[in-house]
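> Model the following, please.
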Amino acid sequence: MIDPYPFARRVLFSLDAETAHEVTLNGLVAASRLGLLPLASGACFGAVPVCPDAPIELMGLSFPNRVGLAAGVDKAGRCVDAFAALGFGHVEVGTVTPRPQPGNPRPRLFRLPRHRAIINRMGFNNPGTEGLLRNLASSRRHFPGVLGINIGKNFDTPNDRAIEDYLACFQSVYGVADYVTANLSSPNTKGLRDLQNEKVCHELIRALQGKREVLREEYGGKLVPLVIKIAPDLDDEAIRGLGNVFSETAIDGVIATNTTVDRSAVPGDPAAGEAGGLSGAPLAARSSAVIRLLRDAMDPAIPIIGAGGILSRDDATEKLEAGASLVQIYTGLVYQGPSLVRELASL
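The predicted structure follows:
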């Protein structure tokens, strides 16, 4: 079958990056409703096109394959079934905040094609937890995989009250999430990365775990795993320190990593001066290094989800060999298209 994505990419890359993103999501929803996505992927609706011989059992969940959609692609939770039809074993929606917020002013999304990279400073634009839940009620009807919900704080919530926002989000999404990720590492919400301080991170995890015990009773024993997403820009000592925190608190999982503010890998690119987080190929080496550091510093029973610079099967294999159990993609999907999902789903 001829891959139509190279042609589609030329059309999409002729548009402003955020407009292209919106067009893509709308197109996925429409194609999914018409049943066209599974035809393109060679699968029946709702079935993962390519799977390993057995599901991957992690965090008390069964993942149909090792490849997931990273948070930030479907912030509003509109396209879960559509991404299922492309072959993702898990989909992470969000980041969602307690209250809706518009995010940062446009333009706020930039391509760096020469480096196969993206810079974004979206700023947690999302419909809030109520809006997300409404969307999920109609967009997650056939998804056979695992649904993650990525949560954060509103931009105007001071850090000394940030835990309140995380607890509010956690409570709101608990009933529909298969796992919840606390995003402490976006560079686009002022002060958010300060929550990666060992003491604050420890307090946040313990607060969420305490809330989970209450919610667990309310939801008839349902235990939702808690995951933390960290930045690649922490120094090695700080990463090891967080590894100790994660071991001490017995966190259920860690995503390594979010985007980077480092521009050393994209010198001279016209967009390199744009503020925001850099993702894609330039992030690959550092995200793998963070995975190795965490794997050495952290309880081996805690799984790592590798993210950052995965644009091929070899890139994903590097993450797995570094110590990850699953991988997530975002920028790779933009540059390589849906065929990348099928390529990674058989790992």
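
> and the closest residue to residue 308 other than its chain neighbours, what helix or strand is that in?
Ranked by CB to CB, 6 or more residues apart in numbering and with sequence neighbours excluded, the top spatial neighbour of residue 308 is residue 287, at 2.9 Å. Every C-beta, even on glycine, is put in place using the N, C-alpha and C of the backbone. Under the criterion DSSP states H and E, the helix or strand holding residue 287 is helix 284-297.

> which residues are in contact with whatever helix or strand comes next after that helix?
Sequence-wise, the next helix or strand downstream of helix 284-297 (DSSP H and E) is strand 304-307. Here strand 304-307 makes contact (CB atoms under 8 Å, 6 or more residues apart in numbering) with 68, 70, 227, 253-258, 287-288, 291, 294-295, 298, 316, 319-320, 322-330.

> repeat for stretch 199-206
Against stretch 199-206 from outside (CB under 8 Å, 6+ apart): 159, 162-163, 166, 182, 184, 194-195, 226, 228, 242, 245-246, 248-249, 251.

> same thing but 6 Å
If you take CB atoms under 6 Å, 6 or more residues apart in numbering as the criterion, stretch 199-206 is touched by 163, 245, 249, 251.

> So which of those residues belong to helices?
163, 245, 249 (DSSP state H).

> Was I right to think the second one contacts residue 195?
No. Between residue 245 and residue 195 there is no contact, the gap being 11.9 Å when judged by CB atoms under 6 Å.

> Show me where the protein has its helices.
Per DSSP H, the chain carries helices over the ranges 5-12, 17-33, 36-41, 80-86, 128-139, 162-173, 198-218, 236-249, 284-297, 313-322, 331-336, 339-345.

> For the fourth one, name the packing helices and strands.
Using 3 or more CB pairs under 6 Å, 6 or more residues apart in numbering; DSSP states H and E as the contact criterion, the neighbours of helix 80-86 among helices and strands are helix 17-33, helix 36-41.

> any idea of the mean pLDDT for it?
In this model, helix 80-86 has a mean pLDDT of 91.

> Sketch out the low-pLDDT regions of the stretch 51-200 of the chain for me.
Applying pLDDT under 70 to the stretch 51-200 of the chain flags the ranges 51-52.

> need the strands for it, in chain order.
56-58, 61-63, 67-69, 90-96, 109-112, 117-120, 146-151, 179-183 (DSSP state E, counting those that start in this stretch).
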